[in-house]
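**Q** Here's my sequence, what's the structure:
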Amino acid sequence: RTPALALLLGLLSFFTLPCLHSRRVLDTVVSEPGPGLPWYSRVVYVDDQVIYVYTSGMQRAEPRPVWMAQNEGPEFWDERTWWAQRHQKWFKASLNTLGQLYNQSEGFHIIQMKYGCDLREDNTTWGFYQDSYDGRDFLTFDTESMTLGAADIGAQITKRRWDAEVFDNQQWKRYLEERCIPWLRSSLEYGKETLQRKVRPTARVSDRSSHDGLTTLSCKVSGFYPQDITVTWLRNGENRQQETYSEGILPSGDGTYQTWVAMEIDPKIKAHYSCHVEHESLLEPLSISWGKEFVCVSVFLSYDPAGSQKHGSTGPSFLPMWPERDV
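**A** Now for the predicted structure:
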């Protein structure tokens, strides 16, 4: 895989778990850095918002939104920097060790580690950890069985060392309950005007001629927040999801999202077609019929507030399992 593709695959899998709110840490390490691509970077997200960044070039953790800078003082950022620099050293050793495991001496290689926690609608919590090497799964932590899963022989070697030397499954329980979820709640409170807002979608149906006399119906939905949304085509009230296609949910560029869903029909067959939109900002779903243009333009903001330990060991010189305990 190309370097860009490996990086993209990791980023695309970053926001894949449905939840009410989430906190994610993404560490990326590359063997051949370049302009705009430092050899080590850490990006921390709450939901879809970057809350702070550290890179090997900056050598300092820096807040991104104003509400993070205003609510956390110098001591907080000093500690974030300390942890990032600790992982930076650890990852440098990991690149060398993984090169030996896979008998690689040169070329572009990338390590990505993703971990964090989710706060779900029923107020339950969930922890997440996964890492990859060159765009392929390496190790995954199963929070149900509290065990590590290895993707290949190289990962199995690392897993055996971790199980024997450093692995403590209670570490994840403590991280989830004592660090990740409390900081997620704090961030949600700091940035509630952004993170907990609800913006109603605008929807529009259109059509165009297709091949062989068919017609393509398109339903474009835009301007909504948060990201999760369900858009389906109905024929005579029945869901036709298997016959539709879409390019997914994309940023609109103004802090909201957009998507479109299309379906080919035979206009000679008489039927009633409508686009069905469900979003948490709506009191009831939108239903936009083909041939009857409907645009929803109402927008309102609302929110519903949710209610460090350092250690001196340098650890083994391979891909680190342990999360930043206070991130």
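**Q** so is R86 in a helix, a strand, or just coil?
**A** Judged by DSSP: H, G, I helix; E, B strand; the rest coil, the three-state class of R86 is helix.
**Q** for it, what are its contacts?
**A** For R86, no residue counts as a contact, taking Cβ atoms under 8 Å, 6 or more residues apart in numbering as the criterion. For glycine as for every other residue, the C-beta is placed from the backbone atoms N, C-alpha and C.
**Q** Please report how far it lies from R80.
**A** Look at R86 and R80: by Cβ to Cβ, to the nearest Å, they are 11 Å apart.
**Q** now L214
**A** In this structure, L214 and R80 are separated by 55 Å, where distance is defined by Cβ to Cβ.
**Q** Tell me which of those two has more neighbours.
**A** Of the pair L214 and R80, R80 is the one with more neighbours under other Cβ atoms under 10 Å, namely 23 against 12.
**Q** May I ask you to confirm that the more buried one belongs to a strand?
**A** No: going by three-state DSSP, the assignment for R80 is helix, not a strand.
**Q** just checking, it touches Y54?
**A** Yes: using Cβ atoms under 8 Å, R80 is in contact with Y54, at 7.0 Å.
**Q** List the residues that are in contact with both of these two.
**A** Overlap of the contact sets of R80 and Y54 (by Cβ under 8 Å, 6+ apart) consists of A61.
**Q** Tell me how far K114 lies from D212.
**A** Spatial separation of K114 from D212 under the definition Cβ to Cβ is 45 Å.
**Q** okay, those two: which has more neighbours?
**A** Residue environment comparison for K114 versus D212 gives the larger neighbour count to K114, 19 against 6, counting by other Cβ under 10 Å.
**Q** where in this protein is pLDDT low?
**A** Low-confidence regions of the chain, defined here as pLDDT under 70, cover residues 1-19, 165-169, 292-327.
**Q** One more pass at 50, please.
**A** 1-17, 292-322, 325-327 (pLDDT under 50).
**Q** and it, what are its domains?
**A** Domain assignment for the chain by automatic domain parsing gives 3-194, 197-289.
**Q** Okay, now the sheet partners of the helix or strand hosting R208, with direction.
**A** When secondary structure is defined by DSSP states H and E, R208 falls within strand 202-209. When pairs are called by DSSP bridges, strand 202-209 turns out to pair with strand 215-224 (antiparallel).
**Q** distance between stretch 38-53 and the chain's centre?
**A** In terms of Cα atoms, centre = their mean, to the nearest Å, the centre of stretch 38-53 is set 11 Å apart from its chain centre.
**Q** and if you look at stretch 152-160?
**A** The answer for stretch 152-160 is 26 Å, by Cα atoms, centre = their mean.
**Q** List the contacts of that stretch.
**A** Contacts for stretch 152-160 (Cβ under 8 Å, 6+ apart): 98, 101-102, 133, 136-139, 148-150, 318-319.
**Q** and that stretch, C-alpha only, in PDB?
**A** This file holds the C-alpha atoms of stretch 152-160, laid out as PDB (Å, rounded to 0.1, in the frame of the first residue of the first chain):
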ATOM      1  CA  ASP A 152      -0.200 -12.100  12.600                       C
ATOM      2  CA  ILE A 153       3.000 -13.800  13.600                       C
ATOM      3  CA  GLY A 154       4.900 -10.500  14.300                       C
ATOM      4  CA  ALA A 155       2.000  -9.300  16.500                       C
ATOM      5  CA  GLN A 156       1.900 -12.700  18.300                       C
ATOM      6  CA  ILE A 157       5.600 -12.300  19.300                       C
ATOM      7  CA  THR A 158       4.800  -8.900  20.700                       C
ATOM      8  CA  LYS A 159       1.700 -10.200  22.500                       C
ATOM      9  CA  ARG A 160       3.700 -12.900  24.200                       C
END
